[in-house]
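Trainee: Curious how this folds, go ahead:
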Amino acid sequence: MEWHELSKEYFEIEKGKLRSPLEGVVVLDASFASPSATFASSLLAEMGAEVIKIEPPEGDDLRKLSPFGEFYFDGIGLPFIVEGRNKEFITLNLERKEGREIFRRLAMHADVVIESFKPGWMDSMGIGYRQLSELNPGLIWVSFSAYGSFGEKAKKFANVPDSNLFGISMSAYMEASRELPEAGEPYNLPTAPGFWMATNIAGVFASAGVVLALYYRLKSGKGQMIDISSLDAMVHIAPGIFWSHAHNEPLFVGVLPLDYAVFPYAFWKIKDGYVFASGFTDPNFRALITQLGVEELFEKYPNVFARIKLENQKVLYQELAERFEQLTFAELTQRMLEWREQEKEGVAVYMKITTPKEVLEENYWKERGDFRDMEINGETIKVIEPVWRLSKTPLKLKWLAKKIGEDNAFVYKKYLGLAGKDLEELRRESLI
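Mentor: Okay, here's the model as predicted:
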């Protein structure tokens, strides 16, 4: 059987009959108004963990967020609807002593606790990692904050919440993502991506940390604390920003189309939009300019060092731009494929810069099963399936966010044996 068909068969499985990777792991997500923590628990829920989202009786503030004040579903904003996937929702007032006692009891049944309060607040309330790990030695504790749990800034700015803009601005990402100064305003202003980049990346690192901690616990029987900041996460994924500065030879990094490390490695305008193109090494550069029909440029820029100089990049970029504007993406792709079929030396790469609408219309995503339509309150929402594909322990998308406290009866009965009159009393006391 041809490989592409065989590999597809590995993932065409009856998911309902297979266990998920983290099945049986109990996660208490006690975070509040934290996209990072919410995304982390979403990933763990996809992996099969039983994630219990603990909200104050009035609900998490993230429920109120939605693009331009639209796209609400039964009063719940679109981001929270999606990030509430596979979770159970309960309410609990941690401001009250009685509520903290209930949390302590729940934590005895948990494998993981996720929180995003002011560093040290839960500890001061007697329900932090220090206290609960004594009662539950296998407990894994994930703490989200702006500057982490220790250090001078962690103490001085403890009241500053973590956020996406904090992560991308304080990590130098925004500054490094501007054009070169001569581009002029507004092109050389600091730039931010149009999505929650820093908080989502922090969430990915946190979920990976939980998996590592669970593996360590298998061998040792002991839990541990995981300290996460979106600032740390952003610095970790963009080390190239700091390399030259660390060696006292500061370069202005900047965003494409010019690059401090590789060139050509940029985007150009073409007849039907924009294209990203790459041809860095000498063979690859020769392939690129030959396919563009300007092979004479190789005499002018015969090696990597001739192309990487900033002043040469600026000239070469414009020389290539004149040719790119005459071609469509289909023409570029055809030339690239013919070059490869003829087994000529060098690889030039062209990628269409697509719009979100084009992504949704592209058949690739349908073949891969990346998007899925789900119904909530009679309306259809397009959501993204889990990115990790495991053939034996598949990740699953089961449901979207629920109403505030919808699972109170189920969770409190399952773990604490509380039901009926017990829950009514807790409601009267504003504890749930």
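Trainee: Please enumerate the strands of the stretch 101-250 of the chain.
Mentor: Ranges of strands in the stretch 101-250 of the chain, per DSSP state E, counting those that start in this stretch, are 112-115, 140-144, 225-228.
Trainee: care to break this protein down by domain?
Mentor: With domains defined by automatic domain parsing, the chain comprises 9-237+370-428, 265-353.
Trainee: so how far is the first residue of the first one from its last?
Mentor: With Cα to Cα, to the nearest Å as the measure, the first residue of domain 9-237+370-428 is 54 Å from its last.
Trainee: mind checking which of the domains of the chain is nearest V359?
Mentor: domain 9-237+370-428 (9.0 Å; Cβ to Cβ). Every C-beta, even on glycine, is put in place using the N, C-alpha and C of the backbone.
Trainee: Excluding sequence neighbours, find me the nearest residue to P137.
Mentor: K222 (5.9 Å; Cβ to Cβ, 6 or more residues apart in numbering).
Trainee: Kindly apply the preceding question to E375 instead.
Mentor: Nearest one to E375, counting by Cβ to Cβ, 6+ apart, is I381 at 7.6 Å.
Trainee: What segments of the stretch 51-200 of the chain are helices?
Mentor: Under the criterion DSSP state H, counting those that start in this stretch, the stretch 51-200 of the chain contains helices at 78-83, 97-107, 121-124, 129-135, 152-156, 164-170, 173-176, 197-220.
Trainee: Identify each buried residue in the fourth one, please.
Mentor: By neighbour count on 16 or more other Cβ atoms under 10 Å, the buried set for helix 129-135 is Y129, L132, S133.
Trainee: Between these, which sits nearest M174?
Mentor: Distances from M174 to the buried residues of helix 129-135, taken by Cβ to Cβ, are shortest for Y129, at 32.6 Å.
Trainee: Ramachandran angles for P137?
Mentor: With angles defined as degrees, to the nearest 10, P137 sits at phi -60, psi -20.
Trainee: tell me what the helix or strand containing the residue nearest to E375 is packed against?
Mentor: Assigned by DSSP states H and E, I381 falls within strand 379-384. Counting contacts by 3 or more Cβ pairs under 8 Å, 6 or more residues apart in numbering; DSSP states H and E, strand 379-384 packs against helix 78-83, strand 371-376.
Trainee: avg pLDDT for the first one?
Mentor: The pLDDT scores in helix 78-83 average 94.
Trainee: Which strands or helices does that helix pack on?
Mentor: Judged by 3+ Cβ pairs under 8 Å, 6+ apart, helix 78-83 is in contact with helix 35-46, strand 379-384.
Trainee: can you give me the angle the helix or strand following the last one makes with helix 97-107?
Mentor: Tracing the chain C-terminally past strand 379-384 and defining elements by DSSP H and E, one meets helix 408-416 next. An angle of 60 degrees separates the directions of helix 408-416 and helix 97-107 when computed by axes from the mean of the first three to the mean of the last three Cα atoms, to 10 degrees.
Trainee: Contacts for the next helix-or-strand element following helix 408-416, please.
Mentor: Next along the chain after helix 408-416, taking DSSP H and E as the criterion, comes helix 421-428. When contacts are defined by Cβ atoms under 8 Å, 6 or more residues apart in numbering, helix 421-428 is touched by residues I102, N408, A409, Y412, L418, I432.
Trainee: re earlier: neighbours around the residue nearest to E375, how many?
Mentor: 16 (other Cβ atoms under 10 Å).
Trainee: What's opposite Y350 in the beta bridge?
Mentor: A277 (DSSP bridges).
Trainee: that older thread, deepest of the domains of the chain, which one?
Mentor: Comparing these by mean neighbour count (mean count of other Cβ atoms under 10 Å), domain 9-237+370-428 comes out on top with a mean of 18.
Trainee: Next, the angle from the strand holding I381 to strand 371-376.
Mentor: Interaxial angle, strand 379-384 versus strand 371-376 (the same axes, to 10 degrees): 150 degrees.
Trainee: neighbouring strands for strand 379-384, and are they parallel or not?
Mentor: By DSSP bridges, strand 379-384 pairs with strand 371-376 (antiparallel).
Trainee: looking only at pLDDT, what's the mean for the partner strand?
Mentor: Computed over strand 371-376, the average pLDDT equals 90.
Trainee: Can you pull out the residues in contact with it?
Mentor: Strand 371-376 is touched from outside by 73-74, 81, 360, 365, 380-385, 397, 399-400, with contacts defined as Cβ under 8 Å, 6+ apart.
Trainee: want to throw the residues you listed into CSV with distance to E338?
Mentor: CSV is the format used below for those (distance: Cβ to Cβ, whole Å):
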residue, distance to E338
F73, 49
D74, 54
I81, 47
L360, 30
W365, 27
T380, 42
I381, 42
K382, 37
V383, 39
I384, 35
E385, 35
L397, 41
W399, 48
L400, 46
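Trainee: Same list (the helices and strands packed on strand 379-384) but as CSV, adding distance to A40.
Mentor: Formatted as CSV, these follow (distance: least, Cβ to Cβ, whole Å):
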stretch, distance to A40
helix 78-83, 10
strand 371-376, 21
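Trainee: Select, out of the ones you listed, the one closest to W3.
Mentor: For the helices and strands packed on strand 379-384, proximity to W3 was assessed by Cβ to Cβ; strand 371-376 is nearest, at 24.8 Å.
Trainee: Now do that closest one: distance to the chain's middle.
Mentor: Counting by Cα atoms, centre = their mean, to the nearest Å, strand 371-376 is centred 20 Å from the centre of its parent chain.
Trainee: swap in stretch 151-161?
Mentor: Between the centre of stretch 151-161 and the centre of its host chain there is 24 Å, according to Cα atoms, centre = their mean.
Trainee: same thing with stretch 75-82?
Mentor: Distance, centroid of stretch 75-82 to centroid of chain: 17 Å (Cα atoms, centre = their mean).
Trainee: How about stretch 105-119?
Mentor: Taking Cα atoms, centre = their mean, the mean C-alpha location of stretch 105-119 is offset from the chain mean by 22 Å.
Trainee: again with stretch 171-178
Mentor: 18 Å.
Trainee: shift numbering so it begins at 37
Mentor: Yep, numbering from 37; the last one is stretch 207-214 now.
Trainee: Quick one: end-to-end distance for it.
Mentor: End residues of stretch 207-214 are separated by 14 Å (Cα to Cα).
Trainee: what do you get for stretch 435-442?
Mentor: Stretch 435-442 has its terminal residues 13 Å apart, counting by Cα to Cα.
Trainee: pLDDT score assigned to S280?
Mentor: Value for S280, per-residue pLDDT: 65.
Trainee: ok, now the one 10 residues further on?
Mentor: Reported pLDDT at G290 in the predicted model: 59.
Trainee: same thing with Y448?
Mentor: Confidence at Y448, expressed as pLDDT, is 98.
Trainee: Many thanks, I have nothing further to ask.
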